[in-house]
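**Student:** Next come a sequence and a model predicted from it.
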Amino acid sequence: MCEAAQADARREFEERLAECGPLAFRVARGVLRNTADAEDVAQEALLRAYKSFDRLRDHGRFRGWLVRISFRLALDRLRSAKRREQRDTLWAKPAHLAPPSSAEDVAASNQFRAHLDRALEQLPEKLRLVLLLSAMDGYTIEEIASMIGVPLGTVKSRIFIARKKLAEKLRCHANTIKMR
Amino acid sequence: MPCEHYKDALTEVAASGAVPQGELRAHLAECASCSAAFDEEQSLFAAIDSGLHAAVNTEVPHSLLPRVRARLSEVEAPRLRWLRPLVFASVSVALVLVIFLMARPWHSAPEEVAKQSAVAAPAPAARSTETNPENVSSMGTQMAAIHAAHSHTAQNSTNIHSSASGNPEVLVPPDEREAFARFVAVLNERSDVAAALVAKAPQKDVVVTADPPQIPDIEIKPLEGTEIETSDGTGEKH
């Protein structure tokens, strides 16, 4: 009896896994900017979701639930990675290497990406999650609203505020890059 | 530098991704600096969107789902692992119970056998009171048959006898078995020894009564050629 119920839960979870696995990975990838770390986090998130799958009353909310788990795990991973990086920097004190002059455009692009990453990390979590989801292919704003369980207008306003905040932080850097 | 009056409006329109409308649209058509600032804002938001899109829409590794499935199987195994000791413990308890129940008759069996043998023992003993050569020889034959049967079962298997009779087998060392065989052979040859062995032993509490022996009167006669001691101390020869 117990084993049959467990097999049913596993089958249902497997069906959702193919659809929601990539979503969990992309959320983690958006936060971490690293494919290997994002894969680890997505795996952990899916595992946690499976362990608590029987406690989820409304299985229709599985996607949003998984997105939140993945987002939170990715944030935790990012924080611990930052702490580790700071520690390593304090001990090793690596020399700041100048970007190769021959690939100025690439360097400028990488610089902008680094500034974007930093600006994104400084965004409040609510804004960051909505912004990442809105940047993903295949999800409309309505879907994002139902996924995270907030009204459509709230999603729109959060996207707007997040973009504005990012632009404020990146404007000077964009001008610097452009001046080169 | 954009005009201060339209600065925020430019940013908001660019952030929302909408097309400028009305007054702002007309101003952008007239003011080159505001138009340039609006273009910059649009390119900035485009760069932000592009960066976000690139970060989020990377190809999902093919190893993700197989790894997750493997981990799920690993997680499920410990869930069922607690069942194994439980099953093992219950089977062990059942086994011990079965062994105990089967062993209980075995403990009482020797006592019953002893009682049965105690009851059955007087019969041959009573018969043995009439000890005649025929009986003795037949008993010797029986003992030989028992010995033959015993040696046969001992040679084949020790379990056959015990399983067939339902009594526990008495393990006898080989030298004792040989000695017993020799003893039976002697009994077969010498029927009187066998008869003496199977004869009923005298009971201790039986009072044996016997007639007093008849002793005739003693006549005192002098021996021929012997000396008779006289009263004066001198010997007299007859």
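**Tutor:** Here it is on my side, so go on. On a predicted model such as this, the values are computed, not experimentally measured, just so you know. Residues are numbered from 1 along each chain as shown, chains lettered A, B, ... in the order given.
**Student:** tell me which helix or strand of chain B sits lowest on mean pLDDT?
**Tutor:** helix B:122-127 (a mean of 44; mean pLDDT, DSSP states H and E).
**Student:** could you point out where chain B is predicted with low confidence?
**Tutor:** Across chain B, the ranges flagged by pLDDT under 70 are B:1, B:76-83, B:105-168, B:201-208, B:225-238.
**Student:** in chain B, which spans are strands?
**Tutor:** Using DSSP state E, the strands found in chain B span residues B:227-229, B:235-237.
**Student:** what comes up buried for stretch A:114-123?
**Tutor:** If you call a residue buried by 16 or more other Cβ atoms under 10 Å in any protein chain shown, then stretch A:114-123 has these buried ones: A:115-117, A:119-120, A:123. To be clear about C-beta, it is placed using only N, CA and C from the backbone, and glycine gets the same treatment.
**Student:** I'd like the residues you listed as JSON lines, with secondary structure, distance to residue B:198 and pLDDT appended.
**Tutor:** Listed next are the buried residues of stretch A:114-123 as JSON lines, based on DSSP: H, G, I helix; E, B strand; the rest coil; distance: Cβ to Cβ, whole Å; pLDDT from 0 to 100:
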{"residue": "A:115", "secondary structure": "helix", "distance to residue B:198": "118", "pLDDT": "89"}
{"residue": "A:116", "secondary structure": "helix", "distance to residue B:198": "115", "pLDDT": "90"}
{"residue": "A:117", "secondary structure": "helix", "distance to residue B:198": "111", "pLDDT": "89"}
{"residue": "A:119", "secondary structure": "helix", "distance to residue B:198": "116", "pLDDT": "91"}
{"residue": "A:120", "secondary structure": "helix", "distance to residue B:198": "111", "pLDDT": "91"}
{"residue": "A:123", "secondary structure": "coil", "distance to residue B:198": "112", "pLDDT": "93"}
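**Student:** What is the nearest of those to chain B?
**Tutor:** Nearest to chain B, judged by Cβ to the nearest Cβ, of the buried residues of stretch A:114-123 is residue A:116 at 4.4 Å.
**Student:** what about that closest one, distance to residue A:81?
**Tutor:** 17 Å (Cβ to Cβ, to the nearest Å).
**Student:** Could you do residue B:55 as well?
**Tutor:** 16 Å.
**Student:** Which of these two has more residues huddled nearby?
**Tutor:** residue B:55 (22 against 13; other Cβ atoms under 10 Å in any protein chain shown).
**Student:** Can you give me every residue that contacts that one?
**Tutor:** A:29-30, A:33, A:117, A:132, A:135 (Cβ atoms under 8 Å, 6 or more residues apart in numbering or on different chains).
**Student:** switch the cut-off to 10 Å
**Tutor:** A:26, A:29-34, A:38, A:113, A:116-117, A:120, A:132, A:135 (Cβ atoms under 10 Å, 6 or more residues apart in numbering or on different chains).
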